[in-house]
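Visitor: Just a sequence and a predicted model for now, questions to come.
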Amino acid sequence: MRPENFSIEGLAAFVAVVDHGSFSAAAEKLHLTQPAVTKRIQTLEQTLGEPLFERQGRQTRPLEAATIVLPQAREILARLADIERSLRDRGEHIGGVLRLATSHHIALHRLPAALSDCRRRYPDIELEFVFLDSEAGIEAVARRQVDLALATLPDQLPDALEAGTLWTDRLTLMLHEALLRDAPDPTADAFTGWLEAQPAILPPAGSATRVRIDRALHRIGLHLEARHESPYLEVIRVLTRAGLGIGVLPRSLGAPGLACPDLPGLDITRSLGWVRHGARHQSRAENAFIALLGETGTGLEG
């Protein structure tokens, strides 16, 4: 195996096949034909002297050699991207492509004004969006698939990543007003037992938001049984408004017909912000966009 035989195009095709799960999806992402992607993978396999994928019908499964090559392939492509960004950033001009991963909630409720300002102030910044759950967005940053993730921040990040808080949500119990008609008085001890007997609609177990919800409920001795789970807070609100159970949602998502009973000692907050890879070049476009987001105002939403 000779290093000079390696092709950047081959490595890019390889990573795209792994990330998108098939040769056809990788071809679409790279704006190539599927035979072109196949040829690049075959050439890379010949250089390595080992097969990288097992193809079974439409399914493509990475082999052991692929799992060994993948981290180094990502690193090579990331370093080349850093070189390109460094060269592009030599002047004072602010522009270029900025790849963003964002949750649907942040995109709907936090970004509209910032995006309008970005378009007006930095017309040469080209924003590319991928909509991912917070955990998946942070993982995309770790893999250097995106430049920046806007996400619910976990308690801990991998050492290579850095983050900043932009907004803070205060969450509360929400349920359809009709459910409260036969409930004990919210100030009575029996109300906690009544709540625990109701189905709950919560974010997925293990997600950053769910961790904060479970921790806060545990502190006051309340256990809610999740009948339904969804990573989309707007879906939880729809199900809650339909009377299907108790939701735990940001106060900003309150709506007519939804009651928000206050329980003594219950305090649920979560931080929303940006996450990026600390080892890669931070472009002027990226820093400008983060500063612009900060101008929308940090602080506690209540």
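Guide: Received it, and whenever you're ready, just let me know what you need. If you're wondering where the values come from, they're calculated on a predicted model, not measured in any experiment.
Visitor: Please point out which parts of stretch 46-65 sit buried.
Guide: Applying a neighbour-count criterion of 16 or more other Cβ atoms under 10 Å, the buried positions in stretch 46-65 are 47-48, 52-53, 60, 62. Where you see a C-beta, it was placed from the backbone N, CA and C, and this is true even at glycine.
Visitor: taking these as a set, which two sit the farthest apart in space?
Guide: Greatest spacing in those, by Cβ to Cβ: 47 and 60 (19.3 Å).
Visitor: Tell me the helices and strands packed up against whichever strand or helix holds residue 140.
Guide: Using DSSP states H and E, residue 140 sits in helix 134-142. For helix 134-142, the contact count by 3 or more Cβ pairs under 8 Å, 6 or more residues apart in numbering; DSSP states H and E identifies strand 96-102, strand 148-152, strand 161-176, helix 208-219, strand 268-277 as packing neighbours.
Visitor: tilt between the last one and strand 96-102?
Guide: Our comparison of strand 268-277 with strand 96-102, counting by axes from the mean of the first three to the mean of the last three Cα atoms, to 10 degrees, yields an angle of 150 degrees.
Visitor: pLDDT of the helix or strand just after strand 268-277, averaged?
Guide: Per DSSP H and E, the first helix or strand lying C-terminal to strand 268-277 is helix 284-294. Per-residue pLDDT values over helix 284-294 give a mean of 91.
Visitor: all numbers from here: first residue = 4
Guide: Let's use 4 as the start, then, which means that last one is helix 287-297.
Visitor: Tell me the buried residues in helix 287-297?
Guide: Residues of helix 287-297 classed as buried by neighbour count (16+ other Cβ under 10 Å): 287-289, 291-293, 295-296.
Visitor: what's the distance between residue 28 and residue 198?
Guide: To residue 198, residue 28 is 45 Å away according to Cβ to Cβ, to the nearest Å.
Visitor: So for the two, which residue has more residues nearby?
Guide: Counting neighbours by other Cβ atoms under 10 Å for residue 28 and for residue 198 shows that residue 198 has the greater number, 22 against 16.
Visitor: Which elements pack onto the strand or helix carrying that one?
Guide: Assessed by DSSP H and E, residue 198 sits inside helix 193-199. Under the contact criterion of 3+ Cβ pairs under 8 Å, 6+ apart, helix 193-199 touches no helix or strand at all.
Visitor: Let me see the domain layout of this structure.
Guide: Here the domain assignment for the chain is 6-89, 97-170+274-304, 172-272, based on automatic domain parsing.
Visitor: Relative to the whole chain's centre, how far out is the second one?
Guide: Same thing as domain 97-170+274-304. 10 Å (Cα atoms, centre = their mean, to the nearest Å).
Visitor: Regarding the protein, what is its longest helix?
Guide: Longest helix of the chain, by residue count under DSSP state H: helix 67-91.
Visitor: Touching it from outside, list them.
Guide: Contacts to helix 67-91, defined as Cβ atoms under 8 Å, 6 or more residues apart in numbering, come from residues 11, 14-15, 17-18, 21, 51, 53-56, 65, 98-99, 146-147, 280, 283-284, 286.
Visitor: Give me the buried subset of those residues.
Guide: Applying 16+ other Cβ under 10 Å to the contacts of helix 67-91 flags 14-15, 17-18, 21, 51, 55-56, 65, 98-99, 146-147, 280, 283-284, 286 as buried.
Visitor: can you pull the pLDDT of residue 159?
Guide: On the pLDDT scale, residue 159 gets 91.
Visitor: what angle sits between the longest helix of the chain and strand 271-280?
Guide: In terms of direction (the same axes, to 10 degrees), helix 67-91 departs from strand 271-280 by 80 degrees.
Visitor: For helix 67-91, list every residue counted as buried.
Guide: 69, 72-73, 76-77, 80-81, 85, 88, 91.
Visitor: want to throw those residues into CSV with distance to residue 128?
Guide: Shown next, in CSV, are the buried residues of helix 67-91 (distance: Cβ to Cβ, whole Å):
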residue, distance to residue 128
69, 35
72, 33
73, 30
76, 28
77, 25
80, 22
81, 20
85, 18
88, 13
91, 12
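Visitor: which of these sit farthest apart?
Guide: Longest span within these, Cβ to Cβ: 69 and 91, 31.3 Å.
Visitor: quick one: which of the buried residues of helix 287-297 is nearest to residue 255?
Guide: Using Cβ to Cβ, the buried residues of helix 287-297 come closest to residue 255 at residue 296, 17.2 Å.
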